[in-house]
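Novice: Whatever this is, show me its structure:
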Amino acid sequence: MRKFALWLAAGTAVALTAGQAWADDAPSGPTVAFNAAVTNDYLFRGLSQTSGDAAAQGGVDVTAGMFYAGTWLSNVNFGATAGDPSNKTKIEYDLYAGVRPVLGPVNLDVGVIRYGYTDSPKVAHYDYWEGKVLASHAMGPATIGAAFYYSPEFFGKVGNAEYYEVNAAYTLATKASISGALGYQDLEKSKAGISSYTTWNLGVGYPVTDHLSVDLRYWDTSQKATHFYTKTFAGDRLVATLKATF
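Specialist: Numbering: from 1, shown residues only. Alright, predicted model coming up:
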């Protein structure tokens, strides 16, 4: 019932904004944007997706009015497991689409994401879907936000999963930005082996040029995650990322 209420609230918000969004002038056409990045460790909700190694990433986004769709790629390596003993480096490919309406002072992002992985045995059950509802509000140089993600069958086919996050960012006069987030991953313990864990991050980003930026970020997880996933994948670490957009 809780999940249904959350999704119903998100759908209602989108419906309320539809009239306002379509009332705006129609865009001249879709826009396409590309991105590429390198990082010393690919972190997802506080967990390394590369066993602590570096990653090369890139993607493309198509936007038409308040609608968007895109794809994103990165190398990943989850180490040897019972379902996947090969310990091979794989490619994660994400496919996503959604809508970004505006409700008064709040910017919304409602969409779906499909996470896929190459060279992964079917018994590992890596591929999965998620739905998301994001909201943010800008107040001058500061932005605050919240996010909710839900998967009916999470990574590894461990049952349903929910992720909650609150985040904030502040842009300084130097154009550098300070940002951080606090997240809570809720898992179906009977299948996942771990019921939940907390993750947080705090970092500084800086736009070197209009198309190139750097980010230095400290990540950490609760001890519950460190004990279950081991220090190879969880715990504190410093991540540096160089990203280009064009």
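
Novice: middle-most residue in this structure, spatially?
Specialist: Phe44 (7.0 Å; Cα atoms, centre = their mean).

Novice: Beta-bridge partners for it, please?
Specialist: Phe44 has the following beta-bridge partners by DSSP bridges: Leu47.

Novice: That one and Tyr149, how far apart?
Specialist: According to Cβ to Cβ, to the nearest Å, Phe44 and Tyr149 sit 11 Å apart. Placement of C-beta: from N, CA and C, glycine included.

Novice: got any ranges where this protein has weak pLDDT?
Specialist: In the prediction, the chain carries residues with pLDDT under 70 at positions 1-28.

Novice: Apply 80 and report the result again.
Specialist: For the chain, the stretches flagged by pLDDT under 80 are 1-28, 82.

Novice: All the helices of it, residue numbers only.
Specialist: 2-23, 189-192, 223-229 (DSSP state H).

Novice: so who does Ser74 touch?
Specialist: Ser74 makes contacts with 42, 49, 55-57, 91-92, as judged by Cβ atoms under 8 Å, 6 or more residues apart in numbering.

Novice: ok, how many other residues are close to the nearest residue to it once chain neighbours are set aside?
Specialist: Using Cβ to Cβ, 6 or more residues apart in numbering and skipping residues adjacent in sequence, the residue nearest Ser74 is Gln57, 4.2 Å away. Gln57 has 17 neighbouring residues, counting by other Cβ atoms under 10 Å.

Novice: any idea how far Ala225 is from Gln57?
Specialist: Spatial separation of Gln57 from Ala225 under the definition Cβ to Cβ is 23 Å.

Novice: In this structure Ala64 contacts Val32, no?
Specialist: No - taking contact to mean Cβ atoms under 8 Å, the distance of 10.1 Å between Ala64 and Val32 leaves them out of contact.

Novice: Can you give me the distance of the residue nearest to the centre of the chain to Asp94?
Specialist: From Phe44 across to Asp94, the span is 10 Å (Cβ to Cβ).

Novice: repeat for Ala56
Specialist: Between Ala56 and Asp94 the distance, using Cβ to Cβ, works out to 15 Å.

Novice: Which one of those two is surrounded by more residues?
Specialist: Per other Cβ under 10 Å, whichever of Ala56 and Asp94 has more neighbours is Asp94, with 15 against 12.

Novice: That one contacts Val112, doesn't it?
Specialist: No - with contacts defined as Cβ under 8 Å, Asp94 does not count as touching Val112, sitting 10.8 Å away.

Novice: Kindly indicate which of the contacts of Ser74 lies nearest Glu153.
Specialist: Sorting those by how near they are to Glu153, with Cβ to Cβ, puts Glu92 at the top with 17.2 Å.

Novice: Val110 is in contact with Phe148, isn't it?
Specialist: No - counting by Cβ under 8 Å, Phe148 is not a contact partner of Val110; they are 10.2 Å apart.

Novice: Check the contact between Trp200 and Ala181; I expect there is one.
Specialist: Yes - because the distance of 6.6 Å satisfies Cβ under 8 Å, Trp200 is recorded as touching Ala181.

Novice: between the two, which one's more packed in?
Specialist: In this view Trp200 and Ala181 are compared by other Cβ under 10 Å, and Ala181 has more residues nearby, 21 against 18.

Novice: Alright, calling it a day.
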